[in-house]
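Student: Mind looking at a prediction? Sequence and model below.
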Amino acid sequence: MRFNRTTVSNMELDMTPMIDIVFLLITFFMFVFNFSQADQNERIKLPSSELAKISEVSDTEFLTLQLTAEETILFGREEFAFDELKRLLSRELKLFEALGTDKSKVRVLIRADARSQTGKLQDIMAECRRCGLENFGLPVIIDTPGAI
């Protein structure tokens with residue numbers, strides 16, 4: 001008895017596992033990207049500067065404060081009035097002390113809206129100095145002359 005062997009020449013590739021992996025990767029990168037933007041608020045419009053340079057800091061801890069155009073202070077997801085800043089700073093300094101971080105290693109990044117008053121920015125810096133924080137960074141959008 002002879003059997004005819006038929007060869008399958010039309011193989012179909014199942015794309016379901018590939019699609020699953022792509023969706024998992026997209027989800028992963030969406031979460032990673034959102035966590036890296038945690039200290040930035042879309043309400044803050046940074047000023048631009050031609051004189052700014054990129055800071056090269058390696059062993060510094062950061063404390064990010066954001067000053068809105070309405071002159072309220074954002075820290076993380078909380079919104080504070082200026083008179084609550086001292087309480088906020090002392091709370092964060094206690095946390096840094098508990099972690100064993102020296103005050104001189106803490107850099108205060110103040111993301112001030114371009115529409116906010118510079119006097120309020122100076123008041124925030126003065127309050128930070130009263131609490132013993134002397135290291136500041138003022139992020140801006142670096143504007144290169146002649147760039148399109």
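Tutor: That came through fine. Residues are numbered from 1 along each chain as shown.
Student: okay, CA-based contacts and neighbour counts for the rest of this
Tutor: Will do.
Student: Do a quick rundown of the helices in the protein.
Tutor: For the chain, the helices defined by DSSP state H cover 16-36, 85-98, 118-130.
Student: Mind checking those helices for the one nearest to Glu70?
Tutor: Smallest distance to Glu70 across these (C-alpha to C-alpha): 10.6 Å, for helix 118-130.
Student: other SSEs contacting that closest one?
Tutor: Here helix 118-130 touches helix 85-98, going by 3 or more C-alpha pairs under 8 Å, 6 or more residues apart in numbering; DSSP states H and E.
Student: can you list contacts of the helix it packs on?
Tutor: The contact list for helix 85-98 (C-alpha atoms under 8 Å, 6 or more residues apart in numbering) reads Asp102, Lys103, Ile124, Glu127, Cys128, Cys131.
Student: Would you pull up how far that helix lies from the middle of the chain?
Tutor: 20 Å (C-alpha atoms, centre = their mean, to the nearest Å).
Student: now the angle between helix 118-130 and it, please.
Tutor: Interaxial angle of helix 85-98 relative to helix 118-130 (axes from the mean of the first three to the mean of the last three C-alpha atoms, to 10 degrees): 40 degrees.
Student: Provide a list of residues in contact with the closest residue to Lys103 other than its chain neighbours.
Tutor: Distance criterion C-alpha to C-alpha, 6 or more residues apart in numbering; nearest residue to Lys103, sequence neighbours excluded, is Leu133 at 6.3 Å. Contacts for Leu133 (C-alpha under 8 Å, 6+ apart) come out as Lys103, Ser104, Val106, Arg107, Val108.
Student: returning to what we had before: between the helices of the chain, which one is nearest to Ile73?
Tutor: When the helices of the chain are compared for distance to Ile73 using C-alpha to C-alpha, the nearest one is helix 85-98, at 8.0 Å.
Student: Fine by me, we can end here.
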